[in-house]
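A.B. asks: Following is a predicted model, sequence given first.
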Amino acid sequence: MDQSRATAAHGGAIGMHGIKKWFGNFQAVDDVSLEIRPNEFFTLLGPSGCGKTTLLRMIAGFEMPTEGSIRLDGTEIASLLPNQRPVNTVFQNYALFPHLTVAENIGFGLKMLGRPKAEIAATVAEMIKLVHLEGRGGDPVTQLSGGQQQRVALARALAPRPKVLLLDEPLSALDLKLRKSMQIELKRLQSETGITFVFVTHDQEEALTMSDRIAVMSHGKVRQVGEPWEIYDRPAERFVADFIGDTNFLDVDVVAIEGERARVRLASGAEIPATFPADIRPAGKVTIVIRPEHARAVSTGLSPATPQSVPLSGTVHDVVYLGTDTHFHVRLEDGTNFMVRQQNARSGPCGFAVGDPVGIELSDDVAQILRD
C-alpha cells in the first residue's frame with residue numbers, strides 16, 4: 001500500500017450506542033450497541049427484516065436514529081448528512097451510470113468533490129489496477145459482466161479513500177460461482193486498502209468466509225458478536241445456532257459445573273462435558289447444540305458397548321449423498337432426530353444404509369449449552 005492510501009485509510013472505528021429506530025409503530029432497530037474496530041471486515045448478518053440494512057443506512061446517513069449515538073473515530077456523526085461523512089456505500093444494484101465508461105464511473109465521485117484532473121486520472125488508474133480491470137477503462141460499463149460491474153462500483157466507492165466502506169448485499173445478484181470468487185476479491189480489497197468494511201448479508205457462508213467479526217441480528221437486536229469460529233462453534237443462543245449452518249439440538253440435565261465447563265446428562269443416561277456462554281451459570285434442564293460434522297456414526301457391533309464411548313445410538317432413517325460428504329439422519333432411541341455429516345472417501349460414500357443401527361461418538365469439546 002502506498003503512503004497516501006495508508007494515511008487515508010487510517011482509523012474508521014465506529015461506535016454505536018443505544019441505537020433505536022422506529023418507522024411509525026414499527027421498531028426496526030432495538031437498542032443496538034456495537035463497537036467496530038478500525039480496519040476490520042465487520043459483517044451484519046441476519047434474515048430479511050432483522051434491521052441490518054437499517055443499521056447500515058444509519059451509519060451512511062440515509063436514515064437518522066430515533067435514539068442513540070453513532071461515532072466515527074470518536075466524533076459524533078448521527079446528525080451529519082451523508083455527503084459530510086467520510087463513508088461510502090456500495091449498493092445491491094451497483095447504481096452505475098450506463099452512459100459513462102469504466103474510468104468515468106470510477107472518477108465521477110472525485111469529479112463531484114472538485115479534485116484536480118491529474119489527481120482524478122492517477123486515482124482512477126490506481127483503482128482500475130486494484131480491481132483487476134486493466135485495459136477496460138475506456139469501455140462502456142454496459143459491456144461488462146455482472147462481476148466486472150461490481151468491481152467498478154467498488155472502485156468508485158474506494159476512489160475517494162473513505163474511512164469506512166458500507167456494502168449492502170452487493171453479491172446477491174451474482175451466480176454462485178462468481179459470488180464465491182468475489183468473496184475472495186472483497187477480502188483482498190479490504191486487506192490491501194486497510195479501510196474498515198461493514199458488510200450486510202443474509203448469507204451465512206459469505207459472512208463466515210470474509211469477516212474478521214460478525215454480528216448476528218434478529219428482530220432488530222444483536223444476538224451475538226464474535227469471530228466466525230465463535231459464532232459457528234460457540235453460539236450463545238438458539239437463534240444463532242439455528243441460523244448459522246446445520247445443527248443438532250438436545251435437551252439435557254446439568255449434573256455439575258467443572259471450571260469453565262458443565263457436565264450434562266443426555267436422555268440416554270450418558271454424561272458428556274459441555275461449554276457454556278460466559279454470562280450464564282447453567283443449571284437444571286438446558287439445551288445443547290452439536291454440529292453434524294462434530295459427531296461420528298459408528299457400527300454398534302464394532303464399538304465399545306459403554307454409554308460413555310458411544311453416548312448416543314439410534315437407527316438411520318435417511319442418507320443424503322452430497323459429493324464431498326454424506327449426511328446420515330439418525331432417529332435416536334428417544335425419538336429425537338440427529339444428523340451426522342461425514343466426509344466421503346475417494347472410493348465412494350461412507351457406509352450406512354437406511355435401517356442400520358448406529359452409535360454416535362462425540363469428542364469432549366463438541367457440545368455447547370445455549371443461553372435460552
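C.D. replies: Yep, that arrived.

A.B. asks: what's downstream of the helix or strand containing Ile288, the next helix or strand?
C.D. replies: Using DSSP states H and E, Ile288 falls within strand 285-290. Beyond strand 285-290 in the direction of the C-terminus, DSSP H and E gives the next helix or strand as strand 295-299.

A.B. asks: For that following strand, which outside residues touch it?
C.D. replies: Residues outside strand 295-299 that contact it (CB atoms under 8 Å, 6 or more residues apart in numbering): 248, 310, 312, 316, 328, 330, 338, 340, 342, 352, 356, 358-362, 366. C-beta coordinates here come from the backbone N, C-alpha and C atoms, glycine included.

A.B. asks: and it, what's its mean pLDDT?
C.D. replies: Strand 295-299 shows a mean pLDDT of 91.

A.B. asks: Who are the contact partners of the nearest residue to Ala274 once chain neighbours are set aside?
C.D. replies: Distance criterion CB to CB, 6 or more residues apart in numbering; nearest residue to Ala274, sequence neighbours excluded, is Ala367 at 3.9 Å. Shown in contact with Ala367 (CB under 8 Å, 6+ apart): 264, 272-275, 288-290.

A.B. asks: Can you tell me how far Val152 is from Thr101?
C.D. replies: Distance, Val152 to Thr101, by CB to CB, to the nearest Å: 10 Å.

A.B. asks: Compare those two (neighbour count), which wins?
C.D. replies: More crowded of Val152 and Thr101, by other CB atoms under 10 Å: Val152, with 27 against 17.

A.B. asks: circling back: out of the contacts of strand 295-299, which are inside strands?
C.D. replies: 248, 312, 316, 328, 330, 338, 340, 342, 358-362 (DSSP state E).

A.B. asks: circling back: so the residue nearest to Ala274 versus Thr209, what's the distance?
C.D. replies: Distance from Ala367 to Thr209, by CB to CB: 26 Å.

A.B. asks: The stretch 151-300 of the chain: helices as residue ranges?
C.D. replies: Secondary structure of the stretch 151-300 of the chain (DSSP state H, counting those that start in this stretch): helices at 176-193, 204-210, 228-233, 238-243.

A.B. asks: Show me this structure divided up by domain.
C.D. replies: With domains defined by automatic domain parsing, the chain comprises 3-233, 246-369.

A.B. asks: follow-up on the earlier one: closest to Lys221 out of the helices of the stretch 151-300 of the chain?
C.D. replies: Nearest of the helices of the stretch 151-300 of the chain to Lys221, taken as CB to CB: helix 238-243 at 9.8 Å.

A.B. asks: returning to what we had before: and the ones in strands among the contacts of strand 295-299, which two are furthest apart?
C.D. replies: Largest pairwise distance in those, by CB to CB, is 17.3 Å, between Val316 and Leu362.

A.B. asks: Report how many residues lie close to Ala118.
C.D. replies: Other residues lying near Ala118 total 8 when counted by other CB under 10 Å.

A.B. asks: follow-up on the earlier one: next, the angle from the strand holding Ile288 to strand 337-343.
C.D. replies: Calculated by axes from the mean of the first three to the mean of the last three CA atoms, to 10 degrees, strand 285-290 forms an angle of 20 degrees with strand 337-343.

A.B. asks: Mind listing what's buried along strand 285-290?
C.D. replies: 286-290 (16 or more other CB atoms under 10 Å).

A.B. asks: what's the answer for stretch 80-92, then?
C.D. replies: 80, 85-90.

A.B. asks: residues making contact with that stretch?
C.D. replies: Residues outside stretch 80-92 that contact it (CB under 8 Å, 6+ apart) are 56, 59-62, 72, 77, 109, 150, 153-154, 157-158, 160, 162-170, 172-173.
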